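S.K.: model the structure of this input:
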Amino acid sequence: MRRERFDKMNVVPFIDIVLVLLVIILATSNFVKNQSIKVDLPSASSQKTPEKKSIHISIDKEGKYFYDKAPLSLEAIKTKLLSLDPKKDLISLYMDKSSAFEYFVSIIDILKSKGFENISIITKK
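M.R.: Residues are numbered from 1 along each chain as shown. The predicted structure is shown next:
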């Protein structure tokens, strides 16, 4: 019996294994906690901490508006929202499922006119 000479190598199974390992790494990389080095930072008098406000707007089933658990009219909420920074502040909308859709649209219209980018519509699972 004569043996054939080994001229070529089949790399297809090797590529398959590498792709499977790559998929596993990419799938689990989101769950790895970001580790950072703990250092004691020096203080400065001119340092500003970026404050992100988290605003909660609620609408109950009767159509009453609440701004951070305080009952307000739609116009009062509008003036408060227009004073916020649309790129930094976070808006969370809580709406009763049996309330009219027009109340939700009125809040979204105010947020859209100001150009808010961070809006969350809160639901339950």
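
S.K.: all strands of the protein, in order?
M.R.: Taking DSSP state E, the strands of the chain run over residues 54-59, 65-67, 70-72, 90-95, 119-122.

S.K.: tilt between the first one and strand 90-95?
M.R.: Orientation note: strand 54-59 sits at an angle of 20 degrees relative to strand 90-95 (axes from the mean of the first three to the mean of the last three C-alpha atoms, to 10 degrees).

S.K.: elements contacting strand 54-59?
M.R.: Applying 3 or more C-beta pairs under 8 Å, 6 or more residues apart in numbering; DSSP states H and E, one finds that strand 54-59 contacts strand 65-67, strand 90-95, helix 101-114. Glycine gets a C-beta too; all of them are placed from N, C-alpha and C.

S.K.: now these as JSON lines including mean neighbour count?
M.R.: Formatted as JSON lines, the helices and strands packed on strand 54-59 follow (neighbours: other C-beta atoms under 10 Å):
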{"stretch": "strand 65-67", "mean neighbour count": "17"}
{"stretch": "strand 90-95", "mean neighbour count": "17"}
{"stretch": "helix 101-114", "mean neighbour count": "14"}
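
S.K.: any chance of the ones you listed in TSV with distance to R5 and mean pLDDT as columns?
M.R.: Shown next, in TSV, are the helices and strands packed on strand 54-59 (distance: least, C-beta to C-beta, whole Å; pLDDT from 0 to 100):
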stretch	distance to R5	mean pLDDT
strand 65-67	81	88
strand 90-95	68	86
helix 101-114	72	88
